[in-house]
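Novice: What shape does this take:
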Amino acid sequence: MTAKNEGIALVGQLIEDDDPQAAELDALRRENGRLKREVQDAKTEAARAREDANRALSRLRTQLSPLYRALQSVFGDLDAAGVEDRPTAGAPDVPGVSTPRTSAVWDAWKQRLPPAVGKVIDALLVHGELNQSQIKVAAQLGTSTVSDCIYKLNKAGLINKNGGRVSLKAL
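Specialist: Alright, predicted model coming up:
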């Protein structure tokens, strides 16, 4: 390189060092590198957490498998004998206890109402009395959707409210 070219390169470097865009670009490159390292660390941590969870669930499955197989056998015998889930004779129909009559009535309501309301009905049938946060999780719906569903169920006269908790009315 000639002295003239070296002088031009040196002047170009000085201009670049004084250029705020070049400094900002350099700062962004450093931040990008830091963020890439953070993402990689997060992926590594997530993989470890997944492995830990899989180990714990595997141990749980090992512990519960004998009970599960025993209950499968018992319920298979009950099914073979024709035994059905029913409330005791004379007991009123209550949410959470499925009878052909209550199932048919709730199915009819679920057909008439929007699908999200049907999910709330199903959650209340399975779990009984729930608060809105529990309904949100059980029905896998958003907060505003749950509020709207509860409003519609209340308007239809299908729920009981007990403080912040909601349950289906007995049919």
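
Novice: which residues touch K110?
Specialist: V117, G118, I121, D122 (CB atoms under 8 Å, 6 or more residues apart in numbering). Using the backbone N, CA and C atoms, a C-beta is placed for each residue, glycine as well.

Novice: sec struct for G82, please.
Specialist: coil (DSSP: H, G, I helix; E, B strand; the rest coil).

Novice: if we look at the host helix or strand of Y151, which residues are touching it?
Specialist: Secondary structure from DSSP states H and E places Y151 in helix 143-155. Residues outside helix 143-155 that contact it (CB under 8 Å, 6+ apart): 113-114, 116-117, 119-121, 132, 135-136, 139, 141, 159, 161, 166.

Novice: List the neighbouring strands of the helix or strand just after it plus their orientation.
Specialist: Using DSSP H and E, the helix or strand that follows helix 143-155 towards the C-terminus is strand 159-162. Here strand 159-162 is paired, per DSSP bridges, with strand 165-168 (antiparallel).

Novice: residues of the strand it pairs with that come out buried?
Specialist: V166, S167, L168 (16 or more other CB atoms under 10 Å).

Novice: and the gap between the last one and L25?
Specialist: Think L168. 62 Å (CB to CB, to the nearest Å).

Novice: Which element is encountered next along the chain beyond the helix or strand encompassing Q40?
Specialist: Here Q40 sits within helix 20-80, counting by DSSP H and E. Later in the chain than helix 20-80, the nearest helix or strand by DSSP H and E is helix 100-112.

Novice: Tell me what angle that next one forms with helix 143-155.
Specialist: 120 degrees (axes from the mean of the first three to the mean of the last three CA atoms, to 10 degrees).

Novice: Just after helix 100-112, pick out the following helix or strand.
Specialist: Scanning forward in sequence from helix 100-112 by DSSP H and E, the next helix or strand is helix 115-127.

Novice: Can you read off the pLDDT for G12?
Specialist: In this model, G12 is scored at 50, pLDDT.

Novice: quick check: domain ranges of this structure?
Specialist: Here the domain parsing of the chain from automatic domain parsing is 3-78, 100-168.

Novice: Distance to E84 for the ones you listed - can I get that in JSON lines?
Specialist: Shown next, in JSON lines, are those (distance: least, CB to CB, whole Å):
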{"stretch": "domain 3-78", "distance to E84": "9"}
{"stretch": "domain 100-168", "distance to E84": "9"}
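
Novice: Mean neighbour count, those: which tops it?
Specialist: domain 100-168 (a mean of 16; mean count of other CB atoms under 10 Å).

Novice: That concludes my questions; thank you for your assistance.
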